[in-house]
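> Please find the sequence and the predicted model below.
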Amino acid sequence: MLRLPDPKAVWGGTTVAVLAVLILLPIVLPSATLATEIVIFAMAALACNLLLGYGGLLSFGQGLFFGAGSYLASLAMIHGHLGLISALLVAIAAGAAIATAVGWLAIRRTGIYFVMLTLALAQMGYFLAYTLADWTGGDNGLLDVPRPPLALFGITLADLHGAGAYYAFVAALFFLVYIGARRVIDSPFGSTLVAIRENETRAAAVGFDTRHYKMLAFTLSGAVTALAGALYAMLINFVPLDNVAMQMSENIVIMTVIGGTGSLFGSLLGAGTFVLLGEILSAIWPRWPLLLGVGLILLVMFLRGGLWGGVESLLARRKEAAE
Amino acid sequence: MSGYILETRDLALAYGGFRAVDGVSLRVKAGTIHSVIGPNGAGKTSLFHCLTGGRRPTEGDIVFDGQEITRRPAHARVGIGMARSFQVTSLFQNLSVRENLRLASQGRDGDRALAFWRSVAAGRAHIERAERIMERLNLTAKADTAAGDLSHGQQRVLEVGMALCGEPKLLLLDEPTSGMGIDDIPVMTHLIAELGKDHTVMLIEHNMGIVMSISDTITVMSRGQILVEGKPEAVRADERVRAAYLGEAG
């Protein structure tokens, strides 16, 4: 019996759930800005998931790609007077290039040494941004980042100043990235990435040059993370130095793990939970990350598949009960 | 072409001062089953590492199918027609049997699988090859079972199947029966004999019974060097071989 995966499957399953969440978020949440923040970080978590969940590569360089996207898109708009789409393309290209370089170096080692290399490179990026204060604003951050209208070939299609309009734009981009990511995962490349995660020696023995695959995973992840960074800068009209800091890498990894590694929809859940918890808890208690720590410990101990893993096992149990 | 698919010349692999492989010149004739045997520590596994690209020989060279491949990395040997199995089962444990074999088929095309914009379903040739090999291995009923959930014997069979997916000219098998129960061994022996009909097989094996029954040529190694080479009957009768194995026992 020959059963082929259905290429149209990209449009079924969790894609519908993602679409529903994207539509409901701004309605349910008190502000469209909060919804936008969630979707932007979901994009960063999704890119992290490609490396961590599918490739088994724990990268602490995600903040570097995010920050680079923020700075370079902003500088391109401020000094180069680029429009929205061109600025985003600059971020994507820069993110891809930087991530390729980081990947090229880091994948020469495996395990803990690989993680340390991504960390060291990200720290270099942080201090570079700190040192180049004339360009980045250093500690004060890069101020007055514009949010140009959506225009194509000089024709303005939409003004994005309203929070709702900007949300719609970001949500649409997220959806495109999500569909793209699903395609990537269902591609020969995606399946090879999983093979490398499962057993790298075997993957090499059947003929894959595993370094090329890991590097391409970095390139794609960096491009998407930088896009998220650029969108974030336009959201808050500002690039804080925090965007490129260690904490950012950490947050992105935490969101990915909370949502569930190896599930793209999980990234949306993870980012949503993280941003919302921060929003609610920080108003009650400024030391809320302590609670986050406790939550993370519980999650790792009892819900290894993350939130999405939990949802899946619940659904499976209900299905069993129904039968 | 001399009719030999694999040739090593004065191959040596030294770990510090210890020469695990010490000047081995070996020729594997195309279309045969060629076994390498020897007592523990004879250098069989080290020789195998050199042939598969796991280790770089310190001296000598390896010619495969007319090409010098001494320094080629492991992954780059698949595309020219070499494939290997592992002594300790090395599968994608959490993936289905079908996916294991499909990935192994995809590996034959090397970097072409970098195509992240295409669908796996577009690689029909890989899917079909996986199905064919699954049937040949009698694993079709287990197609959707995770490789890690197969019995040990089936895992050993799949291990050999992974190498077959590379459509190799030369199949390098590292102790295919290692860890197999007495009941499973005939299945493997039969499979290797079957494969020998349309592949060149080079086998490293500990189990003398298998080696004697299916090999065309046997090379006996001892202390990193070739002790005796010849047909099974000749090797069986050779005094030096007995001495080497008795030496191990004593």
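Received the coordinates, thanks.
> Write out the residues of the stretch 101-250 of chain A neighbouring chain B.
Within reach of chain B by CB under 8 Å from any CB of the partner chain, the stretch 101-250 of chain A has these residues: A:183-184, A:186-192, A:194-195, A:198-199, A:201-210, A:212-213, A:216, A:220. Placement of C-beta: from N, CA and C, glycine included.
> Among the residues you listed, name the buried ones.
In terms of neighbour count (16 or more other CB atoms under 10 Å in any protein chain shown), the buried residues within these are A:183-184, A:186-192, A:194-195, A:198-199, A:202-210, A:212-213, A:216, A:220.
> Inside helices: which ones of the residues you listed?
Among those, the members falling in helices (DSSP state H) are A:183-184, A:188-192, A:194-195, A:198, A:202-205, A:210, A:212-213, A:216, A:220.
> out of everything not next to it in sequence, what's closest to the residue most central in space within chain A?
With distances taken as CA atoms, centre = their mean, the residue of chain A nearest its centroid is residue A:44 (1.2 Å). Once flanking residues are discounted, residue A:44 sits nearest to residue A:228: 4.2 Å by CB to CB, 6 or more residues apart in numbering or on different chains.
> Neighbours of that neighbour, how many?
Counted with other CB atoms under 10 Å in any protein chain shown, residues neighbouring residue A:228 total 31.
> mind checking how far it is from residue B:162?
For residue A:228, the distance to residue B:162 (CB to CB, to the nearest Å) stands at 39 Å.
> Pretty sure residue A:120 sits in a helix.
Yes - checked against DSSP: H, G, I helix; E, B strand; the rest coil, residue A:120 lies within a helix.
> which residues does the closest residue to residue B:26 other than its chain neighbours bridge with?
Using CB to CB, 6+ apart and skipping the chain neighbours, the partner closest in space to residue B:26 is residue B:8 (4.8 Å). Beta-bridge partners recorded for residue B:8 (DSSP bridges): residue B:26, residue B:62.
> what does stretch B:208-219 contact?
For stretch B:208-219, the surrounding residues in contact (CB atoms under 8 Å, 6 or more residues apart in numbering or on different chains) are B:26, B:28-29, B:32-37, B:177, B:185, B:188-189, B:192-193, B:196, B:203, B:205, B:226, B:228-232, B:235-236.
> Which stretches in the chain count as strands?
Unless you meant another one, I'm taking chain A. Using DSSP state E, the strands of chain A run over residues A:150-152, A:155-158.
> look at chain B instead
Secondary structure of chain B, counting by DSSP E: strands at B:4-15, B:18-29, B:33-37, B:59-64, B:67-68, B:82-84, B:170-174, B:200-204, B:217-222, B:225-230.
> for these, which one sits closest to residue A:158?
Closest approach to residue A:158 among the strands of chain B (CB to CB): strand B:82-84, 55.5 Å.
> Pull up the pairing partners for that closest one, direction included.
Paired with strand B:82-84 in the same sheet, following DSSP bridges, are strand B:170-174 (parallel).
> now the angle between strand B:33-37 and the strand it pairs with, please.
Angle of strand B:170-174 versus strand B:33-37, following axes from the mean of the first three to the mean of the last three CA atoms, to 10 degrees, is 30 degrees.
> how big is the angle separating strand B:170-174 from strand B:4-15?
Going by the same axes, to 10 degrees, strand B:170-174 makes 40 degrees with strand B:4-15.
> pLDDT of strand B:170-174, averaged?
Averaged over strand B:170-174, pLDDT sits at 95.
> Off-centre distance for that strand?
Centroid separation for strand B:170-174 versus its chain: 2 Å, with CA atoms, centre = their mean, to the nearest Å.
> Need the contact partners of that strand.
Outside strand B:170-174, the residues within contact range by CB under 8 Å, 6+ apart are B:5-6, B:28, B:45, B:48, B:51-52, B:64-65, B:81-87, B:160, B:163-164, B:192, B:195, B:199-205.
> pLDDT weak spots in chain B?
For chain B, the stretches with pLDDT under 70 are B:1-2, B:246-250.
> How is it divided into domains?
Domains of chain B are assigned by automatic domain parsing as B:4-81+B:168-249, B:97-167.
> Figure out the length between the terminal residues of the shortest one.
End-to-end distance for domain B:97-167, by CA to CA, to the nearest Å: 18 Å.
> One more: stretch B:82-89?
Stretch B:82-89 has an end-to-end distance of 18 Å (criterion: CA to CA).
> ok, now stretch B:89-98?
Using CA to CA, the end-to-end distance of stretch B:89-98 comes to 17 Å.
> how distant is it from the center of its chain?
Using CA atoms, centre = their mean, the offset of stretch B:89-98 from its chain centre is 18 Å.
> Going by neighbour count, list what's buried in it.
Within stretch B:89-98, the residues that count as buried by 16+ other CB under 10 Å are B:89-93, B:95-98.
> what does that stretch rub up against?
Stretch B:89-98 has contacts (CB under 8 Å, 6+ apart) with A:194-195, A:198-199, A:201-202, A:205, B:99-100, B:103, B:130-131, B:134, B:139, B:142-148, B:150, B:152, B:155-156, B:158-159, B:162, B:179.
> Give the buried subset of these as a PyMOL selection command.
This is the PyMOL syntax for the buried subset of the contacts of stretch B:89-98, where burial follows 16+ other CB under 10 Å:
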select buried, (chain A and resi 194+195+198+199+202+205) or (chain B and resi 99+100+103+130+131+134+139+142+143+146+147+150+155+156+158+159+162)
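> Let's see which of the contacts of stretch B:89-98 end up in helices.
A:194-195, A:198, A:201-202, A:205, B:99-100, B:103, B:130-131, B:134, B:152, B:155-156, B:158-159, B:162.
> Do I have it right that residue A:259 meets residue A:305?
No - the criterion here is CB atoms under 8 Å, and residue A:259 misses it with residue A:305 at 9.9 Å.
> Give me the more crowded residue out of these two.
Legend: neighbour count by other CB under 10 Å for residue A:259 and residue A:305, higher for residue A:259 (30 against 17).
> Mind pulling up the pLDDT for the closest residue to the more buried one other than its chain neighbours?
Of all residues beyond its chain neighbours, the one nearest residue A:259 is residue A:270 (2.4 Å), with distances taken as CB to CB, 6+ apart. At residue A:270, the predicted lDDT confidence score is 95.
> so who does residue A:32 touch?
When contacts are counted by CB under 8 Å, 6+ apart, residue A:32 is found next to A:26, A:163-164, A:166-167.
> Filter these down to just the buried residues.
With burial judged by 16+ other CB under 10 Å, the buried subset of those is A:26, A:163, A:166-167.
> biggest separation within the residues you listed, which pair?
Greatest spacing in the buried ones among the contacts of residue A:32, by CB to CB: A:26 and A:166 (10.5 Å).
> so residue A:183 sits right up against residue B:121, yeah?
No - taking contacts as CB under 8 Å, residue A:183 lies outside contact range of residue B:121: 11.5 Å.
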